[in-house]
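Asks: The sequence isn't on hand, but the structure is:
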């Protein structure tokens, strides 16, 4: 169990580097912006396909093998999971991902193994787009919480500069909808150009 948690932490960090997300970004939103299923779901799907091979392939070393009784609860074997055909693995993985991820965020694409729109942007713009989609960025409120700024005031005069304030209320830049963010429209790109060096 501990070994899997350590592996997941490294994979989470790799996804953060890939997408440019910050550590406070919730994991469901991190994996949606990366377009990659979470590691636990990928492991579970791989185990299910391995179980199918073990049950159907005569060449498999464990074909028609009778198992001893499980002795250690900490040991997870692929024989305890349901069997999934290899050609149905992708749909099974998406089904598990949709069950695991119940986050409501219209700015991020629903769970699917494909990079979201905007991937053709320059790196700095794409990072800004992903942080904005997840509603987690280096706003004055966040920097104040991290003790990197004396206050959380916005340049427009609002007392608390959060990502929601920047997106919908702030007079310093253009406004747009979550749909614009998801589709990476011209309005979203204009906003990114205005805020990319600030968040």
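Replies: Yes, it's here. It should be emphasised that the depicted structure is a prediction, and the values quoted were computed from it without experimental measurement.

Asks: In space, not sequence, find me the middle residue of the chain.
Replies: Closest residue to the average C-alpha location of the chain: residue 31 at 1.7 Å, with Cα atoms, centre = their mean.

Asks: That one - nearest residue in space that isn't next to it in sequence?
Replies: Spatial nearest neighbour of residue 31, chain neighbours left out: residue 38 (5.1 Å); criterion: Cβ to Cβ, 6 or more residues apart in numbering. C-betas here are computed from N, CA, C, even on glycine.

Asks: check contacts around the one you found.
Replies: With contact taken as Cβ atoms under 8 Å, 6 or more residues apart in numbering, residue 38 is in contact with 8, 27, 31, 97, 100.

Asks: separation between it and residue 186?
Replies: In this view, residue 38 and residue 186 are 33 Å apart by Cβ to Cβ, to the nearest Å.

Asks: And residue 160, by the same measure?
Replies: Separation of residue 160 from residue 186 (Cβ to Cβ): 29 Å.

Asks: Residue ranges of each domain in the chain, please.
Replies: What the record gives for the chain is the domain set 2-100, 123-195, from automatic domain parsing.

Asks: Name the member of the contacts of residue 38 that has the highest neighbour count.
Replies: Within the contacts of residue 38, residue 31 tops the neighbour count with 25 neighbours, counted by other Cβ atoms under 10 Å.

Asks: State the helix or strand in which it lies.
Replies: Secondary structure from DSSP states H and E places residue 31 in helix 27-34.

Asks: Could you check how far the following helix or strand past that helix is from the centre of its chain?
Replies: Once the chain leaves helix 27-34, the next helix or strand it forms, by DSSP H and E, is helix 39-56. Distance, stretch centre to chain centre, for helix 39-56: 22 Å (Cα atoms, centre = their mean, to the nearest Å).

Asks: Next: stretch 13-33.
Replies: Counting by Cα atoms, centre = their mean, stretch 13-33 is centred 5 Å from the centre of its parent chain.

Asks: End to end on that stretch, go ahead and measure it.
Replies: 14 Å (Cα to Cα, to the nearest Å).

Asks: swap in stretch 109-120?
Replies: Stretch 109-120 has an end-to-end distance of 16 Å (Cα to Cα).

Asks: so where do the helices sit in this structure?
Replies: Counting by DSSP state H, the chain has helices at residues 2-19, 27-34, 39-56, 89-100, 123-134, 140-145, 163-168, 178-183, 186-195.

Asks: Serialize those to TSV and add fields for mean pLDDT and distance to residue 64.
Replies: Shown next, in TSV, are those (pLDDT from 0 to 100; distance: least, Cβ to Cβ, whole Å):
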stretch	mean pLDDT	distance to residue 64
helix 2-19	81	29
helix 27-34	95	37
helix 39-56	89	9
helix 89-100	94	23
helix 123-134	94	48
helix 140-145	93	57
helix 163-168	89	57
helix 178-183	92	49
helix 186-195	90	57
